[in-house]
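**Q** structure, please.
(one chain, ligands or ions: 1)
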Amino acid sequence: MASISADLASAIIGLTSRSPIQLSRVRTVVHFPLLWRPRRTPHSQPASSYSTSSFRSRFIALRLAKPRSGSRRLTVASSAATTSQTESSDVTTKIPPDNRVPATIITGFLGSGKTTLLNHILTAEHGKRIAVIENEYGEVDIDGSLVASKTTGAEDIVMLNNGCLCCTVRGDLVRMISELVERKKGKFDHIVIETTGLANPAPIIQTFYAEDTIFNDVKLDGVVTLVDAKHAGFHLDEVKPKGVVNEAVEQIAYADRIIVNKTDLVGEPEIASLVQRVRNINGMAQLKRTKFGQVDLDYVLGIGEHHHDHHPLDHTHDPGVSSVSIVCEGSLDLEKANIWLGTLLLERSEDIYRMKGLLSVQGMDERFVFQGVHDIFQGSPDRLWGVDEPRINKIVFIGKNLEAKELEEGFKGCLL
Ligand SMILES: Nc1nc2c(ncn2[C@@H]2O[C@H](COP(=O)(O)OP(=O)(O)OP(=O)(O)O)[C@@H](O)[C@H]2O)c(=O)[nH]1
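**A** Below you'll find the model as predicted:
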């Protein structure tokens, strides 16, 4: 590819200001407006690996505000009979307050803005101490690192078995919440659970009602579903094989609050038609339109109680959707990476639902975070690499018909 043109330079400037670039807008100019103009020659010693298709859960308990005096006492909420000593006409005064810890589930399809909303919640002034449980699709944990890096005073980070909260790691969710309550009683006020973008929320919701160990201490406050204003229609349209759930539909169906996010990427007619569609799936939930998940916090925390019928737990995910994760030490050649990723997205953006990465770029002192949702791409520098920190690239692709070997070879071909 020819050297970086003035047009690409301006596209790169666009990336530095964190505004998303739509590939279709720049593709006549250059293959791909990927990274950054190099500043210095870096080091690179390759040693790499990749892995495919699995989920990873992580738990981060975050102290975000000073503990209040007289913290909430965690007790088992029980029926009136257990506390009532005398018969009285005023039964309601004898029902103990529901002191269980509220939990909010944030769900929504891949790339709809769940982590963006989570970061909004974690960095806002609300005085709540929030424990976060994050479940990521893909072997490599990228969201967790981005959430943790945006906050201070993380108390604890515990890695859990790979698996999807709605499938294999439901047991882990139960154990995780029980341990959280056991070990940190009174140290947090709310639990927020971010599901993977491919989660069916129904089994996760069921966990709060079916498992005594959770039900006694934690109440499901609500399910918040993010909907990507630009791409949701595509996923709602997808016809799945018999017996396979359409996760995008399920996520909307189970919501107590719906956030139609990314409204900056489409016009009013598209938003109105999507809202109508969402309403047809779930007419009960409140709905708001946003950009970058900017909602009032009382819209998402303190909803009250989740109210839905609970459907059977059995569900099957689309076997055609998988993830490829590449972990690879070294630094990327900017121009090669531009060409490779640009070509890949131009040819495959329909199949590549989601890409995200933490990259080491030649000449950059910062980690480079890059995010892709179909043809929308965004990148920006993150924190500085540590002095002795190995420059390890992590990149995850999620989508249909992904070829791990081909992606790995393509990526490695961009390393210096
Ligand atoms: N233009 C635009 N981009 C957004 C908006 N909200 C989030 N994004 C970007 O969309 C990309 C995906 O956002 P995330 O918050 O990581 O989405 P997610 O749902 O957590 O993604 P997964 O965990 O992979 O499913 C990131 O590049 C965000 O910066 C928005 O309202 N408008």
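
**Q** show me what contacts the closest residue to the ligand within the stretch 151-300 of the chain?
**A** Ranked by CB to the nearest ligand atom, the top residue of the stretch 151-300 of the chain for proximity to the ligand is residue 197, at 2.9 Å. (Glycine included, C-beta is placed from N, CA and C.) If you count contacts by CB atoms under 8 Å, 6 or more residues apart in numbering, residue 197 has them with 108-112, 114, 137, 247, 353-354, 398.

**Q** show the pLDDT at residue 262.
**A** In this prediction, residue 262 carries a pLDDT score of 98.

**Q** mind listing the helices for the stretch 251-400 of the chain?
**A** If DSSP state H, counting those that start in this stretch is used as the criterion, the helices of the stretch 251-400 of the chain fall at 268-281, 297-300, 334-348.

**Q** now do the lengthiest strand in the chain against helix 268-281, angle only.
**A** With residue count as the measure and DSSP state E as the assignment, the chain has strand 218-228 as its longest strand. Orientation check (axes from the mean of the first three to the mean of the last three CA atoms, to 10 degrees): strand 218-228 against helix 268-281 gives 140 degrees.

**Q** now strand 218-228 - C-alpha only, CSV.
**A** What follows is the C-alpha trace of strand 218-228 in CSV, where atoms were taken according to Å, rounded to 0.1, in the frame of the first residue of the first chain:
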residue,chain,number,x,y,z
VAL,A,218,-29.7,-11.1,46.6
LYS,A,219,-32.7,-9.8,44.6
LEU,A,220,-32.9,-9.2,40.9
ASP,A,221,-33.4,-5.5,40.6
GLY,A,222,-33.9,-5.5,36.9
VAL,A,223,-32.6,-6.4,33.5
VAL,A,224,-31.3,-3.6,31.3
THR,A,225,-30.9,-4.3,27.6
LEU,A,226,-28.8,-2.2,25.2
VAL,A,227,-29.9,-2.2,21.6
ASP,A,228,-27.5,-1.0,18.9
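
**Q** what's the next secondary structure element after that strand?
**A** Past strand 218-228, further along toward the C-terminus, the next helix or strand under DSSP states H and E is helix 232-237.

**Q** is residue 126 within a helix or a strand, and which one?
**A** Residue 126 belongs to no helix or strand when assigned by DSSP H and E.

**Q** ok so, going back, including neighbour count, could the contacts of residue 197 go into a markdown table?
**A** Shown next, in a markdown table, are these (neighbours: other CB atoms under 10 Å):
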| residue | neighbour count |
| --- | --- |
| 108 | 29 |
| 109 | 29 |
| 110 | 24 |
| 111 | 25 |
| 112 | 30 |
| 114 | 25 |
| 137 | 24 |
| 247 | 27 |
| 353 | 25 |
| 354 | 22 |
| 398 | 23 |
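
**Q** please name every helix or strand in contact with the longest strand of the chain.
**A** Contacting strand 218-228 under the criterion 3 or more CB pairs under 8 Å, 6 or more residues apart in numbering; DSSP states H and E are the following elements: strand 101-108, helix 114-123, helix 201-210, helix 247-253, strand 257-261.

**Q** which of these has the lowest mean pLDDT?
**A** Mean pLDDT is lowest for helix 201-210 among those, at a mean of 83.

**Q** could you check that helix and say which residues are buried?
**A** Taking 16 or more other CB atoms under 10 Å as the basis for neighbour counts, the residues of helix 201-210 that come out buried are 201-208.

**Q** do the same with stretch 227-237
**A** Taking 16+ other CB under 10 Å as the neighbour-count basis, stretch 227-237 is seen to contain the buried residues 227-233, 235-236.

**Q** stretch 403-416 too?
**A** 404, 407-408, 410-411, 414-415.

**Q** among the residues you listed, which has the minimum pLDDT value?
**A** Least confident of these in the model: residue 404, at 91.

**Q** if we can go back for a sec, can you tell me how far the residue of the stretch 151-300 of the chain closest to the ligand is from residue 173?
**A** Between residue 197 and residue 173 the computed distance is 17 Å (CB to CB, to the nearest Å).

**Q** cool, and residue 288?
**A** Shown here: residue 288 relative to residue 173, a distance of 27 Å by CB to CB.

**Q** which one's more surrounded, these two?
**A** Residue environment comparison for residue 288 versus residue 173 gives the larger neighbour count to residue 173, 24 against 15, counting by other CB atoms under 10 Å.

**Q** with only the CA atoms kept, save the helix or strand where the more buried one lies in CSV.
**A** Assessed by DSSP H and E, residue 173 sits inside helix 170-183. Output for helix 170-183, consisting of C-alpha atoms alone and laid out as CSV, is shown next (Å, rounded to 0.1, in the frame of the first residue of the first chain):
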residue,chain,number,x,y,z
ARG,A,170,-24.3,-20.7,35.9
GLY,A,171,-22.9,-22.7,38.8
ASP,A,172,-20.0,-20.3,38.9
LEU,A,173,-22.4,-17.4,39.1
VAL,A,174,-24.1,-18.9,42.0
ARG,A,175,-20.8,-19.6,43.8
MET,A,176,-19.5,-16.2,42.9
ILE,A,177,-22.5,-14.3,44.3
SER,A,178,-22.5,-16.5,47.4
GLU,A,179,-18.8,-15.9,48.0
LEU,A,180,-19.3,-12.2,47.4
VAL,A,181,-22.1,-12.0,50.0
GLU,A,182,-20.1,-14.2,52.4
ARG,A,183,-16.8,-12.4,52.2
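
**Q** just checking: what are the partner strands of whichever helix or strand comes after it?
**A** Sequence order places strand 190-194 as the next helix or strand after helix 170-183, per DSSP H and E. Under the criterion DSSP bridges, strand 190-194 sits next to strand 101-108 (parallel), strand 130-137 (parallel) in its sheet.

**Q** these: which one's closest to residue 374?
**A** strand 101-108 (14.8 Å; CB to CB).

**Q** using PDB, list the CA coordinates for that closest one.
**A** Output in PDB follows, covering the C-alpha atoms of strand 101-108 (Å, rounded to 0.1, in the frame of the first residue of the first chain):
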ATOM      1  CA  VAL A 101     -28.600  -6.700  47.800                       C
ATOM      2  CA  PRO A 102     -30.100  -5.600  44.500                       C
ATOM      3  CA  ALA A 103     -28.500  -7.000  41.300                       C
ATOM      4  CA  THR A 104     -28.800  -5.500  37.900                       C
ATOM      5  CA  ILE A 105     -28.200  -7.500  34.700                       C
ATOM      6  CA  ILE A 106     -26.900  -5.600  31.800                       C
ATOM      7  CA  THR A 107     -27.400  -7.400  28.500                       C
ATOM      8  CA  GLY A 108     -27.600  -6.600  24.800                       C
END
